[in-house]
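Peer 1: Return a 3D structure for these sequence lines:
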Amino acid sequence: MHRNSRLNPTGLFSSPWPGLIVVAITFITGAALTWRKWPDVLVDFGMQLYLPWRISSGSVLYRDVMYLTGGPLSQYYDALLFRLFGVSLLTLVISNLVVAAGLLLLIYRRFLAASDAWTATTICLGITLVFAFAQYSDIGNFNFITPYCHEVWHGLVLSIVTIALLSDWVAKERTAFASGAGFCSGLVFMTKPEVFAALAVTVTGAFVLFGMTKGTSCFILKSLAAFASAFLVPLIGFVLYFHRVGDWPSSLRSVAFAWVPLLSSSIAQGPFYKWCLGLDMPGHNLRTMFIHFLVISIIAFLLARLFRRGTDRPVNRLLAVGILALLLALASGFDWVDCGRSLPLLSLALCVMLATKYKELSPGLTDIEIGSRPICGGILLPLPAPQGEGEDLRLSRESVISTAVPPVFPLLWAIFGLALLAKLGLYSRVWHYGFALAMPAFAAAIYLLHWLLPQRLEKHGVQRRLFRGAIWLLLMTGFVRLFVQSQFLYRDKTVAVGRGADQIMAFDEKRNPAGPAIRTVLPWIEKNIPPDATLAVLPEGIMINYLSRRANPTRYFVWNPPELSVFGQAGMAAAFRDHNPDYILLIHRDAAEYGAKYFGQQKEFGLELMQWIQTHYEPVLLIGNEPLQSSSFGIKILKRNANRKD
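Peer 2: Reported below is the predicted structural model:
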């Protein structure tokens, strides 16, 4: 029997290292199987390459190059990487792989301290298999390695670091941790509003918890001052940077630019964002959420009944094996892409359970000694058992560890996960935006089902090991199913677009003709368009600018309804005419998700600009079908008419 039983009460591991090794092997395997297949060659991710390229060459964000999706932090971080390590997709990929690996290590260590190695390993396996390298639809970019915007990815990572620092602040009562949390929060402010809003709720929760349980108002005020001061440091740094090239109002606006769309437009009222929030079918989404939660509750109840103590007779064991086999068979046929529906209710349940436990355990129990080694704020410092220590004493120690320490980190994590789901509204999901927004709640649900719930049920006579084993098998069935489903999509990515460190594997022509068409057009651009000539891709396709290293002179690079709503179509068109490019590339892009026709067919969606282009440019190349006329894909390149004088 392993003496350090808290690291693994099931006896599967004798230390935390086997779990870390399993997670590392899974992470490396996932990266290898999906190598260079993560980004979309047409939608979104091209901006994550083009902006840092231009910034690293001297352009100023929000002055020379406009960006709707987020604040300045991520783009300047990526530009710094380009300056240090060279301009390439591979530079960002390696950075994100390193950040993802570090995040998994942090999550593993924190949940190990709050539970055991089995639970920590399961959480990290779930994150790796379900989120890190996933693709569940025809559009890529919803993964950790090439996210649709780096702001949501960097904001998520920095928020989790902040939560870890806040949990240390609560446990150890040192203002240095409050300062670190404040600094990271200031960085998050310059990423994505929804991530910062969720973090703000969590920070508030941490201070409220501390005040309610420890009540040292002087220390709280001191910590608040340290937090606020550190929060302002990165903001002031960016304000001073932008002030070098602009006035104070524009500098302040640039630092807070991520918030501009929320305050200056009705962008969230469009059909796409209603779908994202589940407001297009609120009744259906609410019903589905409660049904999924009810099914999970029934399964947990059934397993608890099966594994009650005193039901170890052969017939009962046979019945348990049969029912578990049936559940696994049903799980293997379930559409796990839809498994995120119940996350809001599961996260809420975890918050309530942990908050209740925190209130019960807080008075005088932040430092508990076992032998001569303390447990502080949920962090165990293992002590070897004395020679001859029996099973009863081992279980007693495990019981003290699991029930006598206020659950600071998991409680703050659960609050953050629940708050982050707000952007998904009534349609909580692990795919699309859920790759980042649902990940913390997903991990929280694993913690609830695999650690906290079995603890509670054990008090009512349930055999915890058997219950946890059954839950683990069901969870791993889902994780593997989702990973395999991604592989089925990735196997059709066989077309190499770009070359060298910029190479991307795109779908074949049967699945999506965009990749093969872009692969064809890039050599033509290299041969026929001079390196110093300018090129604009309409309505969306800045990836072509990046891969061909041809700059767009117009400041505005995406002509979709959200951009038109925020920046104003008249101003965008005027900037286009004033800085008209040498070449224009029209590429097929369906805008039906925004409730619009093809670009150039409606007055409110590019009609006047398209008419101006037709009178000032002449076609020089057509690949496939005439773009933006029907559902058939095509690319058309036009050259500025030198005979036009106006």
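Peer 1: Phi, psi for the nearest residue to D492 once chain neighbours are set aside please.
Peer 2: Leaving aside its sequence neighbours, D492 sits nearest to R511 (CB to CB, 6 or more residues apart in numbering; 4.7 Å). All C-beta atoms are positioned from the backbone trio N, CA, C, and that covers glycine. With angles defined as degrees, to the nearest 10, R511 sits at phi -80, psi -40.
Peer 1: Okay, R511 and P39: tell me how far apart.
Peer 2: 15 Å (CB to CB, to the nearest Å).
Peer 1: Show me which of those two is the more surrounded one.
Peer 2: P39 (29 against 15; other CB atoms under 10 Å).
Peer 1: Show me where the stretch 501-646 of the chain has its helices.
Peer 2: Taking DSSP state H, counting those that start in this stretch as the criterion, the stretch 501-646 of the chain carries its helices at 514-528, 542-548, 561-567, 569-578, 607-616.
Peer 1: What lies in contact with the second one?
Peer 2: Under the contact criterion CB atoms under 8 Å, 6 or more residues apart in numbering, helix 542-548 has outside partners 41-42, 45-47, 49-50, 53, 497-498, 502, 518, 521-522, 525-526, 529, 535, 537, 550-552, 557-558, 585, 587.
Peer 1: Narrow these to just the buried residues.
Peer 2: 41-42, 45-47, 49-50, 53, 497-498, 502, 518, 521-522, 525, 529, 535, 537, 550-552, 557-558, 585, 587 (16 or more other CB atoms under 10 Å).
Peer 1: So which of the residues you listed are in strands?
Peer 2: Applying DSSP state E to those, the entries found in strands are 497, 535, 537, 585, 587.
Peer 1: Surely the third one is in contact with Y583?
Peer 2: The reference is to V537. No: using CB atoms under 8 Å, V537 is not in contact with Y583; the gap is 9.5 Å.
Peer 1: Grab the most central residue of this protein for me.
Peer 2: A436 (1.8 Å; CA atoms, centre = their mean).
Peer 1: and that residue, what pLDDT?
Peer 2: pLDDT recorded at A436 is 97.
Peer 1: Now it: which helix or strand?
Peer 2: helix 434-437 (DSSP states H and E).
Peer 1: Mind listing what's buried along that helix?
Peer 2: Buried-residue list, helix 434-437, by 16+ other CB under 10 Å: 434-437.
Peer 1: Can you lay out the residues you listed as a markdown table showing distance to K423?
Peer 2: Converted to a markdown table, the buried residues of helix 434-437 look like this (distance: CB to CB, whole Å):
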| residue | distance to K423 |
| --- | --- |
| G434 | 9 |
| F435 | 12 |
| A436 | 9 |
| L437 | 5 |
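Peer 1: Not counting sequence-adjacent ones, nearest residue to I296?
Peer 2: Nearest residue to I296, sequence neighbours excluded (CB to CB, 6+ apart): S342, at 5.9 Å.
Peer 1: Could you report the distance from the one you found to L412?
Peer 2: Using CB to CB, we find S342 at a distance of 22 Å from L412.
Peer 1: right, and S159 touches A198 too?
Peer 2: Yes: S159 is within contact range of A198, at 7.1 Å (criterion: CB under 8 Å).
Peer 1: what's near enough to touch the residue nearest to the centre of the chain?
Peer 2: By CB under 8 Å, 6+ apart, the neighbours of A436 are 131, 147, 152-153, 156, 195.
Peer 1: Of the residues you listed, which belong to helices?
Peer 2: 152-153, 156, 195 (DSSP state H).
Peer 1: would a markdown table of those with pLDDT and neighbour count be doable?
Peer 2: Below are those laid out as a markdown table (pLDDT from 0 to 100; neighbours: other CB atoms under 10 Å):
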| residue | pLDDT | neighbour count |
| --- | --- | --- |
| V152 | 97 | 23 |
| W153 | 98 | 26 |
| L156 | 98 | 26 |
| V195 | 97 | 28 |
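Peer 1: nearest to A117, of those?
Peer 2: L156 (24.2 Å; CB to CB).
Peer 1: What residues of stretch 575-587 count as buried?
Peer 2: Applying a neighbour-count criterion of 16+ other CB under 10 Å, one finds 575-576, 580-587 buried in stretch 575-587.
Peer 1: tell me the SS of G58?
Peer 2: Under the three-state scheme (DSSP: H, G, I helix; E, B strand; the rest coil), G58 adopts coil.
Peer 1: That one and F272, how far apart?
Peer 2: 34 Å.
Peer 1: burial measure for D44, as a count.
Peer 2: Neighbours around D44, by other CB under 10 Å: 21.
Peer 1: Need the phi and psi values for it.
Peer 2: Taking degrees, to the nearest 10 as the convention, D44 sits at phi 70, psi -60.
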